[in-house]
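[1] Prediction below, plus the sequence it came from.
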Amino acid sequence: MPSLSTLKQTAFDPSLQALEADALVKASGLRVADERARGRGAGLNMSGRFEIASREVFDDGWSSLEDLAPFKTEVQVEKPRTVITRNQSPDLSFDRSINPYRGCEHGCVYCFARPSHAYMGLSAGVDFEAKLFAKPDAPRLLERELSRPGYKVQPIAIGTNTDPYQPIERQWRIMRQLLEVLEAAGHPVGIVTKSALVTRDIDILSRMASRGLARVALSVTTLDRKLSRTMEPRASTPEKRLEAMRALSDAGVPVSVMAAPVIPGLNDHEIERILDSAKAAGADAAGYVMLRLPIEVSPLFRDWLLRHYPDRYRHVMSLIRSMRGGKDYDAEFGKRMRGSGPYAWQVARRFQMASKRLGLNLRKTPLRTDHFVPPLGDGVQLSLL
């Protein structure tokens, strides 16, 4: 990979921009041909960082690359032992979450979850979008974990890593089964998604919301259809997400909007418009997250930026690094979600002022925990008392 000094210089020197593009390609493997990657967000498919050997695609002179088939979505079954993941991060408002899928077909090029695919021996690039893992046993495992003696109920977050309503959910329906378990147990849940498919489960969500057990956050990154299509190619369009907000709100489900991620020099000018539109669609709360570029996400995002917005490359990367101490990313708690410095402060103030003007975040009622009753379904160990 290019050195830090080279990356910092590139942000201000246009003559080095082409050099960084070459370095990105050489370090990560040649770019995937456009026809093979059609409909995908990433343009690279480098080897996983834990692999002993790395692969590099090249043309051997026989035009064999043209014979390679386009990437198709493949789904494998994953059989975890547990389904609730715990965390102790001071940056998060929840201490437990569920991910019914590993990998995400939405293909958001900026997704901070991409590096997790390396643990499966796969690439954080196109593999993350095309080679997915489903957990059909998740509802049964959830019942078992909620029934354990000593379980202390707190809201479960779903959609914090990969989207529970990504396209394959139409077939697998794992998320709906999880909601059925949570509703039966009276367990609170918070959902984050970019998909209008969430409206399929309005029947369950509205019943849970009437008991103070559910809240949904729709992530709206941009209102620009062209930018959304290139940056998050298989997610619902911005208009569909706003329509989903309205449908949920009309059904009595509390709705938040997440302006996430804010990308300096690319979508930061839309903060006020996104909040305005979300408020009109029924949102009563809002949040934002600054762009994060951990590990493999950095070269993937920079390659995408060079391909789609080369004229903005220097400006965008300069602003990102100004908030990250000259680096592409700073993982320090308290800074990783917001950044630091004058530009980060300006974005925070704009968000706060727009939210106050619109009356967002004034009264966010906590989800209730007093309805919880441990499940007694199949596979749950009964008490001997």
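    On my side now, so go ahead.

[2] Would you mind finding the longest strand in the chain?
    Ranked by number of residues, the top strand in the chain under DSSP state E is strand 255-262.

[3] just checking, what packs against that one?
    For strand 255-262, the contact count by 3 or more CB pairs under 8 Å, 6 or more residues apart in numbering; DSSP states H and E identifies strand 214-219, helix 238-250, helix 271-280, strand 285-290 as packing neighbours. C-beta here means a position set from N, CA and C on the backbone, and glycine is covered the same way.

[4] Need the ones you listed in JSON lines (columns: mean pLDDT, mean neighbour count and distance to residue 182).
    Below are the helices and strands packed on strand 255-262 laid out as JSON lines (pLDDT from 0 to 100; neighbours: other CB atoms under 10 Å; distance: least, CB to CB, whole Å):
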{"stretch": "strand 214-219", "mean pLDDT": "98", "mean neighbour count": "25", "distance to residue 182": "8"}
{"stretch": "helix 238-250", "mean pLDDT": "98", "mean neighbour count": "20", "distance to residue 182": "17"}
{"stretch": "helix 271-280", "mean pLDDT": "98", "mean neighbour count": "19", "distance to residue 182": "25"}
{"stretch": "strand 285-290", "mean pLDDT": "97", "mean neighbour count": "20", "distance to residue 182": "21"}
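
[5] can you list the ones you listed in a markdown table and add distance to residue 96?
    Supplementary listing: the helices and strands packed on strand 255-262 in a markdown table, determined by distance: least, CB to CB, whole Å:
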| stretch | distance to residue 96 |
| --- | --- |
| strand 214-219 | 15 |
| helix 238-250 | 23 |
| helix 271-280 | 27 |
| strand 285-290 | 19 |
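
[6] Poorly predicted segments of the stretch 151-300 of the chain, please.
    Regions of the stretch 151-300 of the chain meeting the criterion pLDDT under 70 are absent.

[7] how about stretch 224-232: buried residues?
    227, 228, 231, 232 (16 or more other CB atoms under 10 Å).

[8] which residue sits closest to the first one, ignoring its sequence neighbours?
    Put plainly, it is residue 227. The shortest distance from residue 227 to any residue other than its chain neighbours is 6.7 Å, reached at residue 267 (CB to CB, 6 or more residues apart in numbering).

[9] Check residue 331 too.
    Counting by CB to CB, 6+ apart, the residue nearest residue 331 is residue 294, at 6.5 Å.

[10] Count the neighbours of that neighbour for me.
    Residue neighbour count, defined by other CB atoms under 10 Å, stands at 16 for residue 294.

[11] part of a helix, is it?
    No - for residue 294, which was evaluated using DSSP: H, G, I helix; E, B strand; the rest coil, the result is coil, with no helix membership.

[12] show me where the stretch 1-150 of the chain has helices.
    4-10, 17-28, 126-130, 138-146 (DSSP state H, counting those that start in this stretch).

[13] re the thing from before, can I assume the residue nearest to residue 331 is in contact with residue 115?
    Yes - counting by CB atoms under 8 Å, residue 294 sits close enough to residue 115 to count as a contact (6.0 Å).
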